[in-house]
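Student: Below: sequence and its predicted model.
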Amino acid sequence: MSTEALLRGLRADLEDGGLRGSFLVRDLRSGHELAIDPDREYPIASLVKVPLAMATLERIRRGELDGATPMEVPPGGVSTPGPIGVTRFRHPAVIAIDDLVYLSTSLSDGAAADVLFDLTPPAEITRILGEWGLRGIAVRHLMRDLVDTPAERFPAAEADLAHTLAIGAGTAGQGHRLPQLDVTRANSASARSFAEVLQALWTPSKIDPSVAARVRELMANNVLRHRLTPDFASDAARWSSKTGTLLNLRHEAGVVEHADGRVFGVVALTQSRVPAVVQPEAEVLMARVARALRDHLRGR
């Protein structure tokens, strides 16, 4: 199948499945890539925890922070509710900075991330990314801002109404009545700009190799593995990634390292038009599209 026919078919599949997306798969050795709307920006939700980890670990390397410093973390339900980690604690905890990086990245713990954001605010993370030549990733707010949406205000039985609002309240210019879904106010990126982050982590030049190695380890130990993992992990392939989810947004960005030495960065940022909280069909579709791009690129 030609590349043009493949992309045309995948776009049709996404449309039929109620998804819109920014996809990019890149051979991190050769630089060859294949993509669908790779420059369209999306709010990135928990994907921002990767730049947060990078900046925090860089500051530890420079001696500006001590990874062993204990930090008091309030119960997650107080400010940053979430499904896992400290966000489910009922009592304050004392956790070292380096362990908070693990919780934030590998467990996607929002409460742990916000303690790290207090140490390294969004503007500082953006500045550090700029030092590494990584542009196009806007870091603007904390994780607790992601849990102040209609999804938290509506009764559980009316969660579909929150998704209906998320789907219908956007503008043609990607503005939105909900600031968390407005690319001019949210933490945001495109598939291409996030692929540059993966490239920098797996082939470090400006980033210190020890920092890059630690972030790769954290992504390899990611516990949220229901989205792209089934299509990329195997006995002959190592999959390291980070997911992001907010209302009708479902994202994942990662790297698959094959036993034959080939390494591919994969970024899938998607937006659903279906007003439902649980959408396993969307997860399957985005994985299938990402894998089809990788398979075609690998076969070149």
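Tutor: Arrived safely, thanks for sending.
Student: how long is stretch 256-265 from one end to the other?
Tutor: Start-to-end span of stretch 256-265 (CA to CA, to the nearest Å) is 7 Å.
Student: Let me fix that, I meant to ask about stretch 234-253.
Tutor: Separation of the first and last residues of stretch 234-253 by CA to CA is 17 Å.
Student: Report the next helix or strand after the lowest-mean-pLDDT helix or strand in the chain in sequence order.
Tutor: Every helix and strand in the chain was compared by mean pLDDT, DSSP states H and E; the lowest is helix 76-79, with a mean of 52. Secondary structure here is assigned by DSSP states H and E; on that basis, the next helix or strand after helix 76-79 toward the C-terminus is strand 93-96.
Student: Just the residues contacting that following strand, thanks.
Tutor: Outside strand 93-96, the residues within contact range by CB atoms under 8 Å, 6 or more residues apart in numbering are G67, A68, T69, P70, M71, E72, V73, V86, L103, A112, V115. Yep, even glycine has a C-beta here, placed from its N, CA and C like the rest.
Student: Could you find the closest non-adjacent residue to the third one?
Tutor: Leaving aside its chain neighbours, T69 sits nearest to I97 (5.1 Å; criterion: CB to CB, 6 or more residues apart in numbering).
Student: neighbours of that neighbour, just the number please.
Tutor: Each residue near I97 was counted by other CB atoms under 10 Å, and the total is 21.
Student: State the distance from it to G17.
Tutor: 41 Å (CB to CB, to the nearest Å).
Student: what comes into contact with the longest helix along the chain?
Tutor: Across the chain, the longest stretch assigned as helix under DSSP state H is helix 280-298. The set of residues external to helix 280-298 that reach it, using CB under 8 Å, 6+ apart, is 1, 3, 6, 10, 13-14, 17-19, 21, 23-25, 27, 32-36, 226-228, 230-232, 250, 252, 256, 262, 264, 266, 268, 270, 272, 274.
Student: one more time with 6 Å, if that's ok
Tutor: Outside helix 280-298, the residues that touch it by CB atoms under 6 Å, 6 or more residues apart in numbering are 6, 10, 17, 19, 25, 34, 227-228, 231, 250, 264, 266, 268, 270, 272.
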